[in-house]
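Student: The sequence isn't on hand, but the structure is:
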């Protein structure tokens, strides 16, 4: 049996190199497709936001404004406010509100939430469902959470109080739609 010639070695090397390049190309294409799918999946979820209406206002409740600028309804599940309870940075308390409210497409909803904590240090986040996906919106953005549980356990080691909330007003939102 004759030894392979240089041309045969080059041909074999070219075939192996082509195979490796093809595998890398497939992996890159699949990761790009995954990223595109995630962007598409979160497209409407990123159009849901919330803020305090008047943090400086005194009284036994907060008014939280939620806006759904997507063309699909969103189901709000829970609102959370973490705040410093006193001067110690380690003394954190949490209010949470059961908030089974539907946010209609292209709407701004005002929610009254009982609250007696200090307002300047308050931090708002919320959990909602859009289609079949549960999302958490916090200071880091919008994140998909475990779909098997409606409201995720948010890490917390302070005092927590849970209150009901109620919708006060619903209005049409501007800058709404599919292209966003």
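Tutor: Nice, thanks for sending it over. Given the structure is predicted, the values throughout are model-derived calculations rather than measurements. Residues are numbered from 1 along each chain as shown.

Student: Provide the backbone phi and psi angles at residue 29.
Tutor: Per-residue torsions, residue 29: phi -60, psi -40 (degrees, to the nearest 10).

Student: same thing with residue 31?
Tutor: Backbone torsions of residue 31, given as degrees, to the nearest 10, read phi -70, psi -40.

Student: beta partners of the residue most central in space within the chain?
Tutor: Nearest to the mean C-alpha position of the chain, by C-alpha atoms, centre = their mean, lies residue 142 at 2.2 Å. Counting by DSSP bridges, residue 142 forms beta bridges with residue 137.

Student: distance of it from residue 82?
Tutor: Note on residue 142: its distance to residue 82, by C-beta to C-beta, to the nearest Å, is 18 Å. Every C-beta, even on glycine, is put in place using the N, C-alpha and C of the backbone.

Student: again with residue 169
Tutor: 26 Å.

Student: So which of those two has more stuff around it?
Tutor: Using other C-beta atoms under 10 Å as the criterion, residue 169 and residue 82 rank with residue 82 on top: 21 against 11.

Student: that's a strand at that one, yeah?
Tutor: Yes. According to DSSP: H, G, I helix; E, B strand; the rest coil, residue 82 belongs to a strand.
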